[in-house]
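**Q** Mind folding the following:
(2 chains)
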Amino acid sequence: MASIDSINSGSDNPLLQDNPLLQDNPLLQDNPLLQDNPLLQDNPLLQDNPLLQDNPLLQDNPLLQDNPLLQDNPLLQDNPLLATPGDAGSPELSLFDAVEFAENQEPRCPCVLLLDTSGSMVGRPIAALNEGLQAFKSDIMEDPVAPKRVEVAVVAFDTTVRLVQDFVTPDRFDPPTLTAQGVTHMGAAINTALDLVQVRKERYKEAGIPYYRPWVMMITDGDPQGELFTFVEDASRRIKREINRDRLVFYIVAAPGADVTQIMRMGFPRPVRLDGLKFGELFVWLSRSMQAVTSQTPSGGNIPFLPTNWAKK
Amino acid sequence: MTTTDGNQAVDQQKSGASAGWHGVGASIVGTSHVTADIVCQDAHFWRVQTGDVLVAAVADGAGSALLAEVGAEIAAKSAVEAFCAKGKTSGDEKGIRASLSDALKEAQKAVRNEASARQVDVQQLSTTLILVVATSEMVAAAQIGDGIAVVRDQEGNTVGVTSPESGEHVNETTFLTSGRNLKHAQLAVWRGAPTHVAIMSDGLQRLALRMPSGVPHAPFFAPLFNFVSNIPEATLAKQQLEQFMSSPRITDNTTDDLTLVLFGLTP
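**A** Alright, predicted model coming up:
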């Protein structure tokens, strides 16, 4: 197995790229040392290592992309470290949908808040974000129809991706108090959000509930870090496809510190920069946008929502 | 709580992804009964026979009857056992209806015998009864009293095989032992390709039926059927269903006993 040192030894290392030893080596495939080794699983070197995170060798290396070893390797498939967390379709939750859909057959607008809670958000940023969530709830509850039509879900991402709140109407939304830690697993987070939206749409369809184009709003103060590049690539490809087919409204809000250039280099849509920590203004804008969307019929067309007082000029 | 899940061994085999009918059911004591310290008077029971024939029953013991829970349990179990012993699931509609009717008679007889053995008036064991028999090609049901049997087909249509039958006033219904000849029973055969079946007592009717027509409310059933198609291990599924039925979102709607039994057919 390639050590971290050899990965770092230069982009033109033929040893890594054309080495049959790496490709057909049974030692790499059936080696229990590789499979049950706690060193591989709980090793901070593997988790927070910038060498692994910003290394072009890892990102554009055909060896990594077309390598069957990487595709059928149980080590890679059952490894909790590598898993995309988030249980997007819990059957238990679907039971409560029975009451929800029986009592409320209003069309729904699913809205996923995809929130970066990585270590750099510690302190004032995370506090402002939490206040923003409160502002969202109180503002949207003022509207006559949005509380019955919007369904909000919250996904927090740092070193893990957590479904903090599955889809609920605003009246049942109890804004969480998020804490910040770890690195930015943005690709896994986006994939989780898209999975959630997909499953939710299935639930609407089964129940005969019409729905508006789903919204996903991601707020980050970083850029993708600490995860396999394939996750990021997959996320960016899925986002593009959904947007091109008019199946998703997707915003990236770049809080101070976010690497906008890097995010765009990954193939994501252009982020809108947040002016300072104006999370309150941002979430009131989101609430008003949701109100505008849900005041129409689901087929009411595509209103452009331009960032307002929260965006950096 | 009188919860009588049919032969657990068969039930376990049929849960999850294996082919055939699999189910999950719960009977929950209503909040008004908890307050008054009355036991759950609903019961349910089912068997899956070889050849993937589902035979299931739900019974709702009369709130005012002293031994309603006994009547409900005996009625549900005897009807299922009687149908499993002799019932027909193929052939013409008339034959199937006759089998259903015979099973009801056996259940009625069992309840009467129990009343005699206990030396009480049979009215003290008053109960409603819904008996459902399902294969991959048809769902047949017999019903006395309220509650409903619902089927979803491969096209996603959700229809009632029976309909809630109640008297002019809320809280009035007919019972298995109300008359000797069972002329008041609904007997119905639905032909098609079922994917799911639900049987419920009247406690959930307000959420489950569109009023005033009394037809099944698809938005209510879709998530439940989705649940039974994706249920985890059988015991856990039952716990989740019980938690759901005991949750405020349900009990805010009704104070009655509740029974809900859900089945999915894995091809």
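**Q** any weak-confidence spans in the chain?
**A** Chain wasn't specified; assuming chain A. Along chain A, the model assigns pLDDT under 70 to residues A:1-93, A:300-304.
**Q** that's the wrong chain, I meant chain B
**A** Across chain B, the ranges flagged by pLDDT under 70 are B:1-17, B:33-37, B:166-172, B:180-181.
**Q** Around chain A, which positions in it sit nearby?
**A** Residues of chain B lying near chain A by CB under 8 Å from any CB of the partner chain: B:156, B:207-208, B:217-227, B:230-232, B:237, B:240-241, B:244, B:247, B:249-250, B:253. For glycine as for every other residue, the C-beta is placed from the backbone atoms N, C-alpha and C.
**Q** can you count the residues close to the spatially closest residue to A:Glu281 that is not a sequence neighbour?
**A** In space, and not counting its chain neighbours, A:Glu281 is closest to A:Trp310: 3.9 Å by CB to CB, 6 or more residues apart in numbering or on different chains. Number of residues near A:Trp310 (other CB atoms under 10 Å in any protein chain shown) recorded here: 22.
**Q** now A:Trp310: how far from A:Met141?
**A** 20 Å (CB to CB, to the nearest Å).
**Q** Show me what counts as buried in stretch B:212-231.
**A** The neighbour-count check on stretch B:212-231 (16 or more other CB atoms under 10 Å in any protein chain shown) flags B:214, B:216-231 as buried.
**Q** Let me see the ranges of the strands in chain A.
**A** A:109-116, A:150-157, A:161-168, A:215-220, A:249-254, A:272-273 (DSSP state E).
**Q** Then chain B?
**A** Under DSSP E, chain B gives strands at B:20-28, B:42-49, B:53-60, B:129-134, B:138-144, B:148-153, B:158-160, B:186-191, B:194-200, B:209-210, B:215-216, B:258-266.
**Q** Nearest to B:Gly179, out of the ones you listed?
**A** strand B:138-144 (9.3 Å; CB to CB).
**Q** Give me the helices and strands touching that closest one, please.
**A** In terms of contacts (3 or more CB pairs under 8 Å, 6 or more residues apart in numbering or on different chains; DSSP states H and E), strand B:138-144 is packed against helix B:93-118, strand B:129-134, strand B:148-153, strand B:186-191, strand B:194-200.
**Q** Paired strands for it, with orientation please.
**A** In the sheet, strand B:138-144 lines up against strand B:129-134 (antiparallel), strand B:186-191 (antiparallel) (DSSP bridges).
**Q** Out of the ones you listed, which is the most enclosed?
**A** strand B:129-134 (a mean of 29; mean count of other CB atoms under 10 Å in any protein chain shown).
**Q** quick one, that strand and strand B:258-266 angle?
**A** 10 degrees (axes from the mean of the first three to the mean of the last three CA atoms, to 10 degrees).
**Q** Residues in contact with strand B:129-134: which ones?
**A** Strand B:129-134 has contacts (CB atoms under 8 Å, 6 or more residues apart in numbering or on different chains) with B:21, B:53-59, B:75-76, B:79-80, B:83, B:87, B:89, B:96, B:99-100, B:103-104, B:107, B:139-145, B:147-149, B:151, B:161-162, B:176, B:194, B:197, B:199, B:263, B:265.
**Q** Show me how far it is from its chain's centre.
**A** 6 Å (CA atoms, centre = their mean, to the nearest Å).
**Q** cool, stretch B:41-48 as well?
**A** 7 Å.
**Q** C-alpha coordinates for it, CSV please?
**A** This file holds the C-alpha atoms of stretch B:41-48, laid out as CSV (Å, rounded to 0.1, in the frame of the first residue of the first chain):
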residue,chain,number,x,y,z
GLN,B,41,-60.5,-4.3,23.9
ASP,B,42,-59.1,-4.6,20.4
ALA,B,43,-57.4,-7.8,19.1
HIS,B,44,-55.7,-8.9,15.9
PHE,B,45,-54.4,-12.2,14.7
TRP,B,46,-53.0,-13.5,11.4
ARG,B,47,-51.4,-16.5,9.7
VAL,B,48,-49.6,-16.8,6.4
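**Q** residues contacting B:Gln154?
**A** Contacts of B:Gln154 by CB under 8 Å, 6+ apart are B:192-195.
**Q** quick check, nearest of those to chain A?
**A** Chain A has its nearest neighbour among these in B:Thr195, at 11.5 Å by CB to the nearest CB.
**Q** so who does that closest one touch?
**A** B:Thr195 makes contact with B:152-154, B:225, B:229, B:264-265, according to CB under 8 Å, 6+ apart.
**Q** would CSV of the strands of chain A with distance to chain B and mean neighbour count be doable?
**A** Shown next, in CSV, are those (distance: least, CB to the nearest CB, whole Å; neighbours: other CB atoms under 10 Å in any protein chain shown):
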stretch, distance to chain B, mean neighbour count
strand A:109-116, 15, 26
strand A:150-157, 14, 25
strand A:161-168, 12, 20
strand A:215-220, 22, 24
strand A:249-254, 25, 22
strand A:272-273, 36, 18
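**Q** Show me what the residue nearest in space to the middle of chain B is bridged to.
**A** Among the residues of chain B, B:Val58 comes closest to the average C-alpha position under CA atoms, centre = their mean, at 2.7 Å. Per DSSP bridges, the residues bridged to B:Val58 are B:His44, B:Ile130.
**Q** That one is in contact with B:Gln41, isn't it?
**A** No - with contact defined as CB atoms under 8 Å, B:Val58 does not reach B:Gln41; the gap is 12.0 Å.
**Q** Any chance of the strands of chain B in a markdown table with distance to A:Arg245 as columns?
**A** Below are those laid out as a markdown table (distance: least, CB to CB, whole Å):
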| stretch | distance to A:Arg245 |
| --- | --- |
| strand B:20-28 | 37 |
| strand B:42-49 | 43 |
| strand B:53-60 | 41 |
| strand B:129-134 | 40 |
| strand B:138-144 | 39 |
| strand B:148-153 | 30 |
| strand B:158-160 | 30 |
| strand B:186-191 | 39 |
| strand B:194-200 | 29 |
| strand B:209-210 | 34 |
| strand B:215-216 | 34 |
| strand B:258-266 | 32 |
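**Q** Looking at those, spot the one closest to A:Gly208.
**A** Nearest to A:Gly208 among those is strand B:158-160; the distance by CB to CB comes to 9.4 Å.
**Q** thinking again about what came up before, what's the closest of the strands paired with strand B:138-144 to A:Gly226?
**A** The nearest among the strands paired with strand B:138-144, by CB to CB, is strand B:129-134 at 51.4 Å.
**Q** how much space between the residue nearest to B:Gly51 when sequence neighbours are not counted and A:Arg213?
**A** The shortest distance from B:Gly51 to any non-neighbouring residue, by CB to CB, 6+ apart, is to B:Thr135 (7.7 Å). Going from B:Thr135 to A:Arg213 by CB to CB gives 42 Å.
**Q** Could you do B:Gly147 as well?
**A** Relative to A:Arg213, and taking CB to CB, B:Gly147 is found at 40 Å.
**Q** out of these two, which sits in the more crowded spot?
**A** Here B:Gly147 and A:Arg213 are compared on neighbour count by other CB under 10 Å; more neighbours surround B:Gly147, at 28 against 15.
**Q** from memory the more buried one sits against B:Thr128, does it?
**A** Yes - counting by CB under 8 Å, B:Gly147 touches B:Thr128, with 6.1 Å between them.
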